[in-house]
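*Asks:* 3D, please:
(one chain, ligands or ions: 2)
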Amino acid sequence: MADIRLEFRDVTRHFPIKGGDGSDVLTAVKNVSLSIRDCEVVSLIGPSGCGKSTLLNMGSGLYQPSLGEVFMDGEIVDKPNSHVGFMLQKDLLLPWRTICKNVELGLEIQGVPAKARKEKALDLLHKCRLDGFEDSYPHQLSGGMRQRAALARTLAVDPKVLLLDEPFSALDAQTKMVLQQDLAKTLASEKKTALFITHDLMESATLSDRILVMSPRPGTIIEEINVDLPERANPMARRHDMANRVGEYVTRLMELLRVDEMAHEVKI
Ligand SMILES: Nc1ncnc2c1ncn2[C@@H]1O[C@H](COP(=O)(O)OP(=O)(O)OP(=O)(O)O)[C@@H](O)[C@H]1O
Ligand SMILES: [Mg+2]
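*Replies:* Ligands and ions are numbered 1, 2, ... in the order given. Next up, the predicted model:
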């Protein structure tokens, strides 16, 4: 199909087992096929260790599949490419650069003049509520602030496709809602395509067009849910609809992830 941007075709990824003789492998993800259409926002959920980050790393070209292929705009992904903005699970800001200089990094690589890239970085830092921390270094910020700076850096290069690994997981609840709103608006108004990982079921239902649910490791897609709700650009409105329709999606996701069963197994 012409409008498919990112596609995984029967992808499996093995890792060598540490301390093994080299013949033993751990299968992180197995036979994953999925495709993300242009302008679509898709979330990926699943238990810890099921291979979500591994999948995203393959989408970005950082890792290669052991079997199968990943395509971006019909071309095999075999290295990182500048049309894809990638936010790793760990923020990985460069410790020797200030926050502003970290956000400017991608623009610098693109050859954007100093004044323009500083303006862009300051605007994004303002949106991410980091005013006053432009000249600080990463170690001087809290975990949530570093995560916001990493998000600003990802957005700065204006990529067509965003791959985000738990972009809001280290944030406090209020900042998280503000940034979710901001990201959702940007994705819609600038017609971006995004695949993001989250453990937050409400986040997946309020921000995406479609939710992919993975099994425990070796991770494979066990369910695909179309979020048939209006206002994808306005997660707040979807949240307010929580009492009825969003709640149904969250309940369904809890069933798929067996959250109730696991809670019953907890011994007090
Ligand atoms: N570079 C690596 N070398 C060896 N094993 C790895 C590597 N990266 C991931 N793994 C293994 O692959 C499996 C999947 O890891 P991955 O980080 O993709 O999980 P995840 O679904 O993102 O988990 P979480 O929700 O906790 O972030 C894990 O068992 C992990 O130990
Ligand atoms: Mg992960």
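*Asks:* Is Glu203 inside a helix or a strand, and which specific one?
*Replies:* Element membership for Glu203 (DSSP states H and E) is helix 201-207.
*Asks:* helices or strands up against that helix?
*Replies:* For helix 201-207, the elements it packs on are strand 41-45, helix 173-189, helix 235-240, helix 247-256, judged by 3 or more Cβ pairs under 8 Å, 6 or more residues apart in numbering; DSSP states H and E. C-beta: built from backbone N, CA, C; applies to glycine.
*Asks:* Repeat the analysis, applying 10 Å as the threshold.
*Replies:* For helix 201-207, the elements it packs on are strand 41-45, helix 173-189, strand 193-197, strand 210-214, helix 235-240, helix 247-256, judged by 3 or more Cβ pairs under 10 Å, 6 or more residues apart in numbering; DSSP states H and E.
*Asks:* Disregarding residues adjacent in the polypeptide, which is nearest to Asp10?
*Replies:* Nearest residue to Asp10, sequence neighbours excluded (Cβ to Cβ, 6 or more residues apart in numbering): Gly68, at 4.1 Å.
*Asks:* now Ser204
*Replies:* Ser43 (3.9 Å).
*Asks:* can you check Lys191 too?
*Replies:* In space, and not counting its chain neighbours, Lys191 is closest to Cys39: 5.0 Å by Cβ to Cβ, 6+ apart.
*Asks:* Could you do Asp165 as well?
*Replies:* In this structure, Asp165 finds its nearest non-sequential neighbour in Gln89, 4.1 Å apart by Cβ to Cβ, 6+ apart.
*Asks:* cool, and Ala233?
*Replies:* Ala188 (3.5 Å).
*Asks:* Identify the residues contacting Glu190.
*Replies:* 39, 155, 158, 160 (Cβ atoms under 10 Å, 6 or more residues apart in numbering).
*Asks:* So the residue nearest to Asp165 sits against Glu166, correct?
*Replies:* Yes: if you go by Cβ atoms under 10 Å, Gln89 and Glu166 touch, sitting 5.5 Å apart.
*Asks:* Those two - which one has more neighbours?
*Replies:* Glu166 (20 against 17; other Cβ atoms under 10 Å).
*Asks:* Tell me, what's the model's pLDDT at the more buried one?
*Replies:* You'll see Glu166 listed with a pLDDT of 92.
*Asks:* Overlap in contacts, Gln89 and Glu166.
*Replies:* The contact sets of Gln89 and Glu166 overlap at 52-53, 56, 147, 197 (Cβ under 10 Å, 6+ apart).
*Asks:* and stretch 198-217, what's its mean pLDDT?
*Replies:* The predicted model assigns stretch 198-217 a mean pLDDT of 95.
*Asks:* Check which residues of it are buried.
*Replies:* Neighbour-count burial for stretch 198-217 flags 198, 200-215, 217 (criterion: 16 or more other Cβ atoms under 10 Å).
*Asks:* Of the residues you listed, which ones also sit close to ligand 1?
*Replies:* Residues of the buried residues of stretch 198-217 in contact with ligand 1 (Cβ under 6 Å from any ligand atom): Arg217.
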